[in-house]
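[1] the sequence isn't on hand, but the structure is:
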């Protein structure tokens, strides 16, 4: 029985979620024996999954839909039960406030989101949101009052581009507000629909230093923790992303009458480019990833040599300098492909996001909390974007990952073991307490 | 001044198109000094190009359009001027008949088509059609009566799948007739529109032995003759075509969170497959070609590893056994790609056409006629499909190719030098005379 299985079994068996083990270090956590009510979190997850439930499994609770609004009402009810002071900010984010002992301190903020992708699952966002509410309820139930004020946050429209967290950290543009979302509503109309005020967004933007810390619990969405049978991921940062549209120009010609040596085949050049991306990205150790996910060939008929291919190139990596270096190496090596195939390559950047590095103090608090509970940990980057990457702009931020079975997410098959959900919630609880004490 | 340039200059300078050189072999051609009126052919080509002319160049005279019908009327007028007995057969093909001396002989048939692809050019089909009419006119002007009856044919809807020639050689199916064409009409309605009778198609199907020979003059649609500065292509056959839809199944996953080694990337497998096709096809000497012209990746987003790719594989080659062998070798070698990428390959044949081998006697007649006129020749396969491939089922068939500048076709930029058009028409004239004498 390995470490993780042991913990899982314990979690599944013990109603009180107390290991009865005193903190190994005692650093930060004043009440290491305090535990969340794990059954309640998992029961709440099951209830939340009813809002937008699909008959074939999973959920479609896209932001600004009626399902989203109903799910948010349920979350607000849970917040009220946790004795949080509930409000919807101008951007439509749900805030649950709890006063601290020291009114001069900035709040510790923790939470996630409850909107889903179309045909999504019931763990992405939901685990962190309901665990955050449960943490507040546990503090109340145990009569613990922190030094810092606390804010449980449920960000709106994370899946449509981390809209809620962007709105309160860097602000939204007029073109952001005009964007039509999966709900059919524009972001501007959607914010009004869920109780925000799109005309007052500027007043909701927070400045650097306005928060003491931000912590988010989330499923990994990758398969590392699950494959290595580890309990908790301590997120080192959220990778930066580079997107380019790569246009390959050859010469469209009759596939029957044009000899092989006389071709300028843009598809062949695209094939060699796709292989090149794989080779360059895997040629160095590290967690960097590179993907060709979209490809269009023109004219796209079986009997015509493609004269043009447009494909997407994505590179993700925690170090922005390495993203640029991989991109430049791909461009340089693609020149030889162009020469050999008679094609030309051109590149247009379509999206760039900077890496967000997690705060070392928050990472230490997470790792310490996990260790104190007896959970195994691994430091790892987040390959996916999260609200935390925007919150990192206004204060120290960190993320707790729990395993996602098979690394599956954005799918009805998304699944996290109930025991892992509870582990994550307990780590969140003690991370907040540690940061408060720190 | 090379051979071809010399001939071109002669052709451009001499109004009577007579080289004044007696036939080297004398085989077949009773009147080697007879020549077509080259200026008239090129003038008629210019007139025909007005029907469906595009403002940006080229022509869109798709089958069953009003432009097609008007162009056909012009061709029938030219046939009448050539003293041909004009009729439209039940399939909508235009026939211009000329009686021979021996009523017991089957007709020698020659011609081509005048419909175009959308945004096509003015040489594909037109050159062979107007030259065939000119050949008949030249015979009349010179008082030459052949032993065999002659039939000048203009097949309908060649570009939409050699419809007219299929109709009179193997027949059309109900599903053929229901197919909606580029004109917006079904093939069945289209045949009625141009003067055929879709209800009587069965009566128009000819049997093997119903023709003495079929000869078609056409632009090469490839760049071989133009690149090698040769006058006349003696077509050895029309390549067979194999089409397959290749489905590559991997596993769609988050492109940010799924490590490179944990992927089942169908796009990477597709890239390696495309390279494999190129490598296998070019690994042996010969004129075979292999093409991946269409590729769809699912779901097709920059941030999702494609879980599925469907692509088209086309192999063309004059030897059906070699097509099969190339296909099997590609399948076998793709297995290693599947193993390395964690993907599976499946293959569905979507179209197969058998090679049509040209008749040796017709090829000799073409080569002899060209030599007698002083033109350079090259034996080569046709990589494109033509009406001749169907006519080969009912009698000895052959094709004469003239150079197409840059090998461009199905484009407004399609161009064949006027002198080359005339060379082709003269070779057609003497090929018909040679076959008649043979």
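    Yes, it's here. Remember, predicted model here, so these are calculated numbers, not experimental data.
[2] every contact and neighbour count from this point should use C-alpha atoms.
    Will do.
[3] for chain A, longest helix please?
    Criterion DSSP state H: the longest helix present in chain A is helix A:320-341.
[4] and after that helix, which helix or strand comes next?
    Once helix A:320-341 ends, the next helix or strand along the chain (criterion: DSSP states H and E) is strand A:344-353.
[5] what is that following strand packed up against?
    For strand A:344-353, the elements it packs on are strand A:240-249, helix A:320-341, judged by 3 or more Cα pairs under 8 Å, 6 or more residues apart in numbering or on different chains; DSSP states H and E.
[6] any chance of TSV for these, columns mean neighbour count and distance to chain B?
    Shown next, in TSV, are the helices and strands packed on strand A:344-353 (neighbours: other Cα atoms under 10 Å in any protein chain shown; distance: least, Cα to the nearest Cα, whole Å):
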stretch	mean neighbour count	distance to chain B
strand A:240-249	23	8
helix A:320-341	16	11
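[7] now these in TSV, with mean pLDDT and distance to residue B:48?
    Putting those into TSV (pLDDT from 0 to 100; distance: least, Cα to Cα, whole Å) gives the following:
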stretch	mean pLDDT	distance to residue B:48
strand A:240-249	97	34
helix A:320-341	98	38
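[8] closest one to residue A:255 among those?
    Residue A:255 sits nearest to helix A:320-341 of all these, at 15.4 Å, using Cα to Cα.
[9] tilt between the closest one and strand A:240-249?
    10 degrees (axes from the mean of the first three to the mean of the last three Cα atoms, to 10 degrees).
[10] what does helix A:320-341 contact?
    The contact list for helix A:320-341 (Cα atoms under 8 Å, 6 or more residues apart in numbering or on different chains) reads A:240-242, A:263-266, A:268-269, A:272-273, A:276-277, A:280-281, A:315-317, A:343-345, A:354-355.
[11] from these, keep the buried residues only.
    The neighbour-count criterion (16 or more other Cα atoms under 10 Å in any protein chain shown) marks A:240-242, A:263-266, A:268-269, A:272-273, A:276-277, A:281, A:315-317, A:343-345, A:354-355 among the contacts of helix A:320-341 as buried.
[12] between the helix or strand containing residue A:311 and strand A:344-353, how many degrees?
    Element membership for residue A:311 (DSSP H and E) is strand A:308-317. Strand A:308-317 and strand A:344-353 are oriented at 40 degrees to each other (the same axes, to 10 degrees).
[13] list the helices and strands strand A:308-317 packs on?
    On a contact count with 3+ Cα pairs under 8 Å, 6+ apart, strand A:308-317 meets strand A:240-249, helix A:266-281, strand A:289-291, strand A:295-298, helix A:320-341.
[14] dump these into a markdown table; add distance to residue A:412 as well.
    Formatted as a markdown table, the helices and strands packed on strand A:308-317 follow (distance: least, Cα to Cα, whole Å):
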| stretch | distance to residue A:412 |
| --- | --- |
| strand A:240-249 | 26 |
| helix A:266-281 | 29 |
| strand A:289-291 | 23 |
| strand A:295-298 | 26 |
| helix A:320-341 | 32 |
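[15] ok, the residue nearest the centre of chain A - contacts?
    Centroid check for chain A by Cα atoms, centre = their mean gives residue A:386 as the closest residue, at 3.2 Å. Shown in contact with residue A:386 (Cα under 8 Å, 6+ apart): A:158, A:162, A:238.
[16] does the second one really touch residue A:389, like I thought?
    No. Proximity of residue A:162 to residue A:389 does not meet the contact threshold set by Cα atoms under 8 Å, at 9.2 Å.
[17] between the two, who's got more neighbours?
    Using other Cα atoms under 10 Å in any protein chain shown, the more surrounded residue of residue A:162 and residue A:389 is residue A:389, with 26 against 19.
[18] and the more buried one, that one's in a helix?
    Yes. Assessed by DSSP: H, G, I helix; E, B strand; the rest coil, residue A:389 belongs to a helix.
[19] distance of it relative to residue A:237?
    Distance, residue A:389 to residue A:237, by Cα to Cα, to the nearest Å: 8 Å.
[20] between these two, which contacts overlap?
    Any residue near both residue A:389 and residue A:237 by Cα under 8 Å, 6+ apart counts here, and that gives A:355, A:356, A:357.
[21] any idea how far chain B is from the second one?
    Translated: residue A:356. Distance of residue A:356 to chain B, computed by Cα to the nearest Cα, to the nearest Å: 14 Å.
[22] am I right that that residue is in contact with residue A:240?
    Yes. The pair residue A:356 / residue A:240 is scored as a contact, 7.1 Å apart, by Cα under 8 Å.
[23] list residues touching both of those two?
    When contacts are counted by Cα under 8 Å, 6+ apart, residue A:356 and residue A:240 are jointly contacted by residue A:318.
[24] as a check, name the ranges of all helices in chain A.
    Remark: helices assigned in chain A by DSSP H are A:3-13, A:38-48, A:66-81, A:126-141, A:163-169, A:174-178, A:187-193, A:224-227, A:266-281, A:320-341, A:360-373, A:388-391, A:418-437.
[25] how about the contacts made by residue A:253?
    By Cα under 8 Å, 6+ apart, the contact set of residue A:253 is A:263, A:304, A:305, A:306, A:307, B:408.
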